[in-house]
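Undergrad: Give me a model of this one.
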Amino acid sequence: MRNILKIVKREIFSMITTSGTYVVAGLFLLLTGWYFSSSLLVRNRADLDSVFSIIPFLFMFFIPAITMKLIAEEKKNGIMEQMLTFPVSDVQYVIGKFLSAFIFIAALLLFTLFYYITIEIIGEPDTGKIIASYISALFLGGALISIGLFASSQSSDQITSYIVSFSIIFVLYLADKVVNVIPFEIQNVVLYLGTDTHYRNMLRGVIDSRDIVYFISIILLFLFLTARNLEKRKW
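TA: Next up is the predicted model:
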């Protein structure tokens, strides 16, 4: 646990001292703020539906940008080779990287609580539904971060990592959108694999164990694959 915390602290410090982090955070809050204000002022709706409906699309672009350098940069700089001499296992290393990115995403979502405070003052929002929406966004963020880590472990080039991560996320995002044009026999499988399917299920305000199991499975699968990729450097 101590090794994991050291990695998390190091990554968080790296993030807060990097200008790119503030660019990503600023763009995310600017876009979510625009959707929130448009819904509130133009359509006169005191809710966060518009914000959470756009989050999967924003995550698709921003999370690969956050994760693309987490491992790829250290592989390129030779730091990964030095890791062989440290008392840190591959699993601890991967978990530390994952938690640091997850904390960053959670912090971004925390800033959007300003929108909730606003509608709480001027209206009567469905608090239970909003809580479920935040939980859904956190699970989605965790799943996409694990995919981004896997992509970052695949190459020492950050651009390649971004493209691989974005491609996987994009395919999973589109799954439920193309289900009607694929053979009927595999529609249910494709529908289940789609991240947006489970995300929107939870947005309704009902936390279904099947959706939670899906997201946790995605996280564990890609963290496992990431650790396996790191093991290759020892062969």
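Undergrad: now for the longest helix belonging to the chain, which elements pack on it?
TA: What stands out as the longest helix in the chain, according to DSSP state H, is helix 127-154. In terms of contacts (3 or more CB pairs under 8 Å, 6 or more residues apart in numbering; DSSP states H and E), helix 127-154 is packed against helix 49-67, helix 72-76, helix 90-111, helix 158-174, helix 195-203, helix 209-231. No exception for glycine: its C-beta is placed from N, CA and C like everyone else's.
Undergrad: export those helices to JSON lines and tack on mean pLDDT?
TA: Conversion of the helices and strands packed on helix 127-154 to JSON lines gives the following (pLDDT from 0 to 100):
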{"stretch": "helix 49-67", "mean pLDDT": "93"}
{"stretch": "helix 72-76", "mean pLDDT": "75"}
{"stretch": "helix 90-111", "mean pLDDT": "93"}
{"stretch": "helix 158-174", "mean pLDDT": "93"}
{"stretch": "helix 195-203", "mean pLDDT": "90"}
{"stretch": "helix 209-231", "mean pLDDT": "93"}
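Undergrad: for those, which one sits closest to residue 9?
TA: helix 90-111 (8.4 Å; CB to CB).
Undergrad: what helices or strands is whichever helix or strand comes after the closest one leaning on?
TA: Using DSSP states H and E, the next helix or strand after helix 90-111 towards the C-terminus is helix 113-122. Helix 113-122 sits against helix 19-41, with contacts defined as 3+ CB pairs under 8 Å, 6+ apart.
Undergrad: And the helix it packs on, what's buried?
TA: By 16 or more other CB atoms under 10 Å, the buried positions in helix 19-41 come out as 21, 24-25, 28-29, 31-32, 35-36, 39-40.
Undergrad: Which residue is the nearest non-sequential neighbour of residue 132?
TA: residue 205 (4.7 Å; CB to CB, 6 or more residues apart in numbering).
Undergrad: Look at the one you found and say how many residues are nearby.
TA: By other CB atoms under 10 Å, 14 other residues sit near residue 205.
Undergrad: per-residue confidence at it?
TA: As predicted, residue 205 sits at a pLDDT of 78.
Undergrad: That one and residue 122: what is the separation?
TA: 21 Å (CB to CB, to the nearest Å).
Undergrad: circling back: how about the buried residues of helix 19-41 in a markdown table, adding distance to residue 183 and pLDDT?
TA: Listed next are those as a markdown table, based on distance: CB to CB, whole Å; pLDDT from 0 to 100:
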| residue | distance to residue 183 | pLDDT |
| --- | --- | --- |
| 21 | 44 | 86 |
| 24 | 39 | 90 |
| 25 | 42 | 91 |
| 28 | 38 | 94 |
| 29 | 42 | 93 |
| 31 | 37 | 94 |
| 32 | 37 | 93 |
| 35 | 36 | 89 |
| 36 | 40 | 89 |
| 39 | 38 | 79 |
| 40 | 43 | 77 |
